[in-house]
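>>> sharing a model that was predicted from the sequence below.
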2 protein chains.
Amino acid sequence: MTIEIQKICEAEFLLENMREVLRRTAPDHRFSEEERKEFDKNIKKLDKIVEEMKKDKYTGSNLKYITDKIELRRREEDFINIDPIQSGGRLTLEARKAMIAYGDGYSTCDYCFKPFRLDQIQKPPIHEFVEDLAEFVGMDTARVVRGARNGFQIVSNALLEKGDVALVSSLAHYSLCLAIESVGGIWREIPLNKDRIITGENTRKKIEEVREKTGKLPKLVAVSHFDYMFANEHDVHGIGKTCKEYKIPFLYNGAYTVGVMPVDGKKIGADFVVGSGHKSMASPAPTGILATTDEYTDKIFATTKLEGDLTGRKFGVKETYLLGCTVMGAPLIAMMASFPKVRERVKHWDEELEKARFFISEFTKINGNKVVSEMPRKHTLTKVDTTDSFDKIAKKHKRRGYFLTDELKKRKITGLFPGTTREFKLNTYGLNWNQIRYLADAFKEIAEKYKINVD
Amino acid sequence: MTIEIQKICEAEFLLENMREVLRRTAPDHRFSEEERKEFDKNIKKLDKIVEEMKKDKYTGSNLKYITDKIELRRREEDFINIDPIQSGGRLTLEARKAMIAYGDGYSTCDYCFKPFRLDQIQKPPIHEFVEDLAEFVGMDTARVVRGARNGFQIVSNALLEKGDVALVSSLAHYSLCLAIESVGGIWREIPLNKDRIITGENTRKKIEEVREKTGKLPKLVAVSHFDYMFANEHDVHGIGKTCKEYKIPFLYNGAYTVGVMPVDGKKIGADFVVGSGHKSMASPAPTGILATTDEYTDKIFATTKLEGDLTGRKFGVKETYLLGCTVMGAPLIAMMASFPKVRERVKHWDEELEKARFFISEFTKINGNKVVSEMPRKHTLTKVDTTDSFDKIAKKHKRRGYFLTDELKKRKITGLFPGTTREFKLNTYGLNWNQIRYLADAFKEIAEKYKINVD
C-alpha cells in the first residue's frame, strides 16, 4: 500500500475525530478538560503526519480498517483500475469534498420549502441542477433517480399494464428486464445483426413479430446505446426512427454514455433518456437520471391522484412513480459537485477513444490476443479474448488463471475478474496517457515473461 | 461560523487535493515537477492550519463553497439541530470516515463474485450485515433498500394487484400512499381514536368496512409505530393481532423506530418491517431496510422468472422487485459503519426519552406553550403549539414569525420550520444533556425577552 494515501486517510480521520468533538459540544464549543485533551491529542497526531509529509519521509501506519471489519479502500490510489463498470463512477475531487460536508442523511433538505419537493429546492441549487441535466441530455425535463434501474422502473410503471410487451436488446442488462418484469410486463428480445448490433430494421421486424403473435404493438422499446457486454454501438438513431413510425415510445439507455460522451436525446429520437450516476457520471451509488420530453412529462412524472377516504388528504405535486423525493443527501450533492467536470469531460470523449484505441492496439500486439467487441473501438469498455495467449499459460500454471491476476496485481493493476484468462472486459476510461502506457507495457511485460510473442 | 470547523474542512479538502494527485499518478506515483509542487503546496497550507490548531489561534478562512454554488454545510457543528427528520440520520464518526474512503460509485463491488448479488458480498462484510439487520429487527431475512419508501413499494409490488385495497393510518406518510398508488393499489385510511391513536379495534372496523363495500379483504395493512405528524405511539401489537386473525399481511413502518429504539418485528406480529437509514439509522440517503419472515421471503424477495425469447437468458438469483442490487457504494458502507453504534444506541432509548421529557417540561414552563403530541412523550419527535405564546409576539413583530427563527439562530439553534410560530415539530434525538439544557434555556430566554411569563 502506498504510504502517502494511508497517511492522507489517517489525517482525514483525525480531522473527523476533531469534528466529532465539535458536534458533541455544539453550539458553544466549551470543551471539558477531557474534550480539550481529546481534541489536542488529534492535533498532535495530525502534526506528526504533516511533519512526515513535509519531509516526504514516513514512518509506518497501522491504519487498515475504518471500523470493525471494513477495510480502507485505496483501489484508485494504489492501482490502475480497469474494472469494466467502475471507471466512469470514480468521484471527482469536488464530489469527494461534497461527501465530507454533506454526509448526514437529509443534508440537502435544510431549505426545503413549498412545494416540498426535492427537485424544487433552490439551496443548494438542486432545481437548477435538474434543469441543467435535462439540457445536458437534450431533453425537456429530468429527475435524479435511484440508479438507472429505478429510471427503467419508473417508465415501465407508467407505461406498461400487466402482460404488455416491451422490446429490449438481446444484450439488455438484467436490471432493465427486471424493471419490466416487476410491473408485470413481458420483455422480448430484438435480435442482433451479424455484427452484434441492434438496428432499426431488426427492431421493426421484432415489432411486427409481436404484432403478429399478440395482435398488439409493443408498449415500449428500450435499448442501450452501448451495451454492457461488448460496448458495441447500437443504431439508436435508426431505432428511434422505427419507433416514431410505429408511435412506440423509445427509451434510450445511456448507462454507458450519459456523463462520458455527448448525448442528445431528442436528436436521437428518444422519448426517455436514462443515465447512471455511479456508472458514468462520477457519482456515488445509487444515482441516475431520467429525462423525457414535454410530451411524456405528465405521464412519467405524474403526480398523485388518490386522496384519503377519511381525511380527504391529497399529496399535491408529489410524483407517484418516483415515490416523491428520490435521492437526497450526499449522493445527490456529490453528483451535483461532479457535474461541471462531467459536462466538460463529455467534450473530450474523442481523446478517451484515442487512448482506448492506443491501448487496444498495444494489447493486440501480444500474439493471440483478440478483441471480441466491434472494431474499431467506439467505447473505452472492451471485451477481449486471450484464449490463445494468457489462457494457454493458465492451463499449465499452478495458479491457473490467477497467474494473470497475480502478475497484474504485482504491477498494481486491478479490476479484471480474478482468475479469468479467456474472455474478459476492461475499461480504460479516465486514465491519462502515462497510465495508459503503463498499462499497455504491463500486459506486454507479462506476455514476454511467459514467452508469448509480442509484435 | 465556528472557525474550527471551517479549518477542519479546509484541512480535509487540502488532503483531498493531495489524494487527487495520487490518483492521477497511480500506481507508481512518479510526480512530475508540477505535481510535486502541487502536492507540496497543499502540505504547506495544511501545515499552516495545523500550526494554528496547535496554538488554538486562527486566522480567518475564506472557505465558503465546496465548489461552484454548493456551500459548505456545518449545521451539525455550528448549531444545535432540532429538525424533526434530521436527527436520527446524522452520521456517526465511523460513517463519515466510510464516506471518505468509499465514495466512488461501485466501491462495494470489488469482490463481487458468484452469485453476483449485493447482499451476498463477503468483503466488505455486506452479507453478514444483512443477516445482522434481520436479527436486529427480530425477523428472518432482510435487505438494504433505497429508502423506506422503496421498501413500501417492494411489498406493494409483490402483494397488490390493480385495484386491491391496502389499509394505512389516517396519519400515514405520503410516501407509503404513493408506493401503493404506484402499483395500482388503493389506500384506505384507518381512523384514529380520540387520542389520535390507531388501534387494533379500529383496524378491525376498517377491515370489515372494506369487506362490506368491496366483498374482499384488504390485501395489506401498513401502519407506522410512531407517525411522522405527532410521533404518537400506535398500537402495533393490537394491529398485528387483528391482522393475524384476518390473515392479512401487516407491514410495520419503523421509519421512526428502527435504529433509535429496540424493534422486535415478530413479537409485534409484523410480516414486514421497514426502516429508514437516513431517518433513523445514522446513514446517508437514500437507504432503508426491508425485513420479513420465512413465510414471506420468497414472495417479497422473489427471484426473476422470465427468460429471453431469443437468447434463453435467465437472470438467476436476481430479485425482481428489488431490481437486483439495491444500494451500492458509500451509502451502504456508511450504514454498515454506523451499525455497531446504532445497535448499541437503541438500548439507550430510555435515556433519550428522559432528555426529551425534560426538554418538554422546561419548554412548557413558558406560559402558553402546549404539546400537541400525546403525553407523556414516548418519542423524541414532538409537535408543539405556541399559538398562545410566540405567535402572539409574531403578530406584532415586524419580522412576523421569523422573529423566533432569528432569535433561535442568534442562539445557534436550527431546524424549526422558518417563520412558524403556531404548531411545529422538533426532535431532540441524540442531543446530550448539555445541549438539552442549552436548548431549554434558549427558549426560556427568548420568552423572557419578549415578556412571556415563564414558571
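Noted; the coordinates are in hand.
>>> all contacts plus neighbour counts: C-alpha atoms, from now on.
Fine.
>>> if I look at the residue nearest to A:Glu319 when sequence neighbours are not counted, how far off is A:Leu323?
Leaving aside its chain neighbours, A:Glu319 sits nearest to A:Thr303 (4.2 Å; criterion: CA to CA, 6 or more residues apart in numbering or on different chains). Look at A:Thr303 and A:Leu323: by CA to CA, to the nearest Å, they are 9 Å apart.
>>> more neighbours, the two?
A:Leu323 (25 against 19; other CA atoms under 10 Å in any protein chain shown).
>>> ok, now which ones touch the more buried one?
B:Arg149, B:Ser175, B:Leu178, B:Ala179, B:Ser182 (CA atoms under 8 Å, 6 or more residues apart in numbering or on different chains).
>>> let's go with 7 Å and repeat that
Shown in contact with A:Leu323 (CA atoms under 7 Å, 6 or more residues apart in numbering or on different chains): B:Arg149, B:Ser175, B:Leu178, B:Ala179.
>>> what's around the last one, how many residues?
It refers to B:Ala179. Neighbours of B:Ala179 using other CA under 10 Å come to 26.
>>> doesn't it belong to a helix?
Yes: secondary structure of B:Ala179 (DSSP: H, G, I helix; E, B strand; the rest coil): part of a helix.
>>> chain neighbours aside, what residue packs nearest to it?
B:Gln153 is the one closest to B:Ala179 (CA to CA, 6+ apart), at 4.6 Å.
>>> give me the distance between A:Arg90 and B:Ala255.
31 Å.
>>> if you could redo that for A:Lys347, that was the one I meant.
In terms of CA to CA, A:Lys347 sits 43 Å off from B:Ala255.
>>> cool, and A:Ile333?
Applying CA to CA to A:Ile333 and B:Ala255 gives a distance of 23 Å.
>>> repeat that for A:Arg377.
48 Å.
>>> quick revisit: compare A:Arg90 and B:Ala255 (neighbour count), which wins?
Comparing A:Arg90 with B:Ala255 by neighbour count (other CA under 10 Å), the higher total belongs to B:Ala255, at 29 against 26.
>>> helix, strand, or coil at that one?
Applying three-state DSSP: B:Ala255 is coil.
>>> phi first, then psi, for it.
Backbone torsions of B:Ala255, given as degrees, to the nearest 10, read phi -60, psi -30.
>>> that one is in contact with B:Gly275, isn't it?
Yes: counting by CA atoms under 7 Å, B:Gly275 is a contact partner of B:Ala255 at 4.6 Å.
>>> can you list residues touching both of those two?
Joint contacts of B:Ala255 and B:Gly275 (CA under 7 Å, 6+ apart) are B:Ala148.
>>> got the contact list for the lowest-mean-pLDDT helix or strand in chain A?
When the helices and strands of chain A are scored by mean pLDDT, DSSP states H and E, strand A:65-67 comes last with a mean of 93. Applying CA under 7 Å, 6+ apart, the external contacts of strand A:65-67 come out as A:Glu71, A:Leu72, B:Glu94, B:Lys97, B:Ala98, B:Ala337.
>>> distance of the residue nearest to A:Ser107 when sequence neighbours are not counted relative to A:Ser338?
Leaving aside its sequence neighbours, A:Ser107 sits nearest to A:Gly329 (CA to CA, 6+ apart; 4.9 Å). For A:Gly329, the distance to A:Ser338 (CA to CA) stands at 14 Å.
>>> same thing with A:Lys370?
A:Lys370 is 35 Å from A:Ser338, by CA to CA.
>>> and if you look at A:Glu423?
33 Å.
>>> who's more crowded, those two?
Per other CA under 10 Å, whichever of A:Glu423 and A:Ser338 has more neighbours is A:Ser338, with 23 against 16.
>>> settle this for me: that one is touching A:Arg96, isn't it.
No: if you go by CA under 7 Å, A:Ser338 and A:Arg96 don't touch, sitting 8.9 Å apart.
>>> any idea which element A:Val384 lies in?
strand A:381-385 (DSSP states H and E).
>>> look at the closest residue to A:Lys45 other than its chain neighbours and give its secondary structure.
Nearest residue to A:Lys45, sequence neighbours excluded (CA to CA, 6+ apart): A:Leu14, at 7.6 Å. For A:Leu14, the assignment made with three-state DSSP gives helix.
>>> so the residue nearest to A:Lys314 when sequence neighbours are not counted: helix, strand or coil?
Excluding the flanking residues, the one nearest A:Lys314 by CA to CA, 6+ apart is A:Glu307, at 4.8 Å. Per three-state DSSP, the secondary structure class of A:Glu307 is coil.
>>> now do the one 5 residues further on
Under the three-state scheme (three-state DSSP), A:Gly312 adopts coil.
>>> pLDDT wise, what is it at?
pLDDT recorded at A:Gly312 is 98.
>>> repeat that for A:Ala302.
A:Ala302 is given a pLDDT of 98.
>>> what about the nearest residue to it once chain neighbours are set aside, neighbour count?
Among residues not flanking A:Ala302 along the chain, A:Glu319 sits closest, at 5.5 Å (CA to CA, 6+ apart). As a burial measure, A:Glu319 scores 22 neighbours (other CA under 10 Å).
>>> could you do A:Leu251 as well?
There are 29 residues near A:Leu251, going by other CA under 10 Å.
>>> distance check, it against chain B.
17 Å (CA to the nearest CA, to the nearest Å).
>>> A:Ala330 too?
Distance, A:Ala330 to chain B, by CA to the nearest CA: 7 Å.
>>> can you name the helix or strand that that residue falls in?
helix A:329-345.
>>> if we go by neighbour counts, what in that helix is buried?
Neighbour counts over helix A:329-345 (16 or more other CA atoms under 10 Å in any protein chain shown) mark A:329-339, A:341-343, A:345 as buried.
>>> repeat for stretch A:242-257
Neighbour-count burial for stretch A:242-257 [16+ other CA under 10 Å]: A:Thr242, A:Cys243, A:Ile248, A:Pro249, A:Phe250, A:Leu251, A:Tyr252, A:Asn253, A:Gly254, A:Ala255, A:Tyr256, A:Thr257.
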